[in-house]
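*Asks:* Provide a 3D model corresponding to the input given below.
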Amino acid sequence: MARKPAPEPRNVQAKQRIFVVEDHPVFCEGLIRLITAEKDLTVCGKAADGKKALKDISELKPDLALIDLGLPGKSGLDLIKEVRAQKLPVKLLVVSMFDEAIYAQRVLSAGGDGYIMKQEDPPEIISAIRDVLAGRIYVSEEVLASGSAKAPAADHAGALGKLTDTELQMLEMLGEGRSNQEIAGKFQLTESEVKVKCDGLQQKLRLDCINALIRFAVRWVESGTQ
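*Replies:* Have a look, this model is predicted:
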């Protein structure tokens, strides 16, 4: 008599599927290894730019997408807005080097579900993933306590709040010592267009020359953005 096949085990919880959007190969692979080491999590895909990420997230329908802000072309914030515009049922957690105190509220307003800095310990990143998957908003206690307020220079605080998402990222890159060529590559602009953007930053921040803009950007970064 033929033996009946063993019944499928019951109450086996399916792994929750994570999609990674990160343009730095080493950090991307590190995230993938971190996630796949967890018994209840798996990585279902990855993308290095916002355009591919939007297409793949739409097709793969992951439970959560980890998103870097500083992506080539379409920024992470733009990606979040487009995912939400398409009403895709996916949790969105930003993992970025950009200052949480400046960007966390922008991410949440755009439709994101949380924000964690890249330099956090791996267990904390996993904790953030689990919190967001459980339906909770994740930001650091420091940001909660400060109300996402940051004042690297009190007389410029109001102007900083008026900068666009792209302008803030450009200011951060200037403060890190990035060249116009690097900034142009990140945002798919010409170097001439970067100079025009920098002129706009000078005007908004009420700074009289490019050197004053760079000094301000450096002080801003050194005041605790990284």
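*Asks:* for the rest of this, base every contact and every neighbour count on C-alpha atoms.
*Replies:* OK.
*Asks:* which other helices and strands contact the longest helix seen in the chain?
*Replies:* Taking DSSP state H as the criterion, the chain has its longest helix at helix 191-204. Applying 3 or more CA pairs under 8 Å, 6 or more residues apart in numbering; DSSP states H and E, one finds that helix 191-204 contacts helix 165-175, helix 180-187, helix 210-220.
*Asks:* quick one: mean pLDDT for it?
*Replies:* Helix 191-204 shows a mean pLDDT of 90.
*Asks:* now tabulate the helices and strands packed on helix 191-204 in TSV and tack on distance to residue 137, mean pLDDT and mean neighbour count.
*Replies:* Below are the helices and strands packed on helix 191-204 laid out as TSV (distance: least, CA to CA, whole Å; pLDDT from 0 to 100; neighbours: other CA atoms under 10 Å):
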stretch	distance to residue 137	mean pLDDT	mean neighbour count
helix 165-175	21	86	21
helix 180-187	29	87	17
helix 210-220	27	82	17
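*Asks:* tell me which of those lies nearest to residue 27.
*Replies:* Nearest to residue 27 among those is helix 180-187; the distance by CA to CA comes to 17.1 Å.
*Asks:* can you state the direction angle for the closest one and helix 165-175?
*Replies:* 150 degrees (axes from the mean of the first three to the mean of the last three CA atoms, to 10 degrees).
*Asks:* so helix 180-187 versus helix 191-204, what angle?
*Replies:* Orientation of helix 180-187 against helix 191-204 (the same axes, to 10 degrees) gives an angle of 90 degrees.
*Asks:* using PDB, write down the CA coordinates of stretch 203-212.
*Replies:* Presented in PDB, the C-alpha positions along stretch 203-212 are these (Å, rounded to 0.1, in the frame of the first residue of the first chain):
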ATOM      1  CA  GLN A 203      20.400  83.400  -2.200                       C
ATOM      2  CA  LYS A 204      18.100  81.300   0.000                       C
ATOM      3  CA  LEU A 205      20.700  81.200   2.800                       C
ATOM      4  CA  ARG A 206      21.600  84.800   2.400                       C
ATOM      5  CA  LEU A 207      25.300  84.100   1.800                       C
ATOM      6  CA  ASP A 208      27.300  86.500  -0.400                       C
ATOM      7  CA  CYS A 209      29.700  84.100  -2.200                       C
ATOM      8  CA  ILE A 210      30.400  80.400  -3.000                       C
ATOM      9  CA  ASN A 211      33.200  80.300  -0.300                       C
ATOM     10  CA  ALA A 212      30.700  81.400   2.300                       C
END
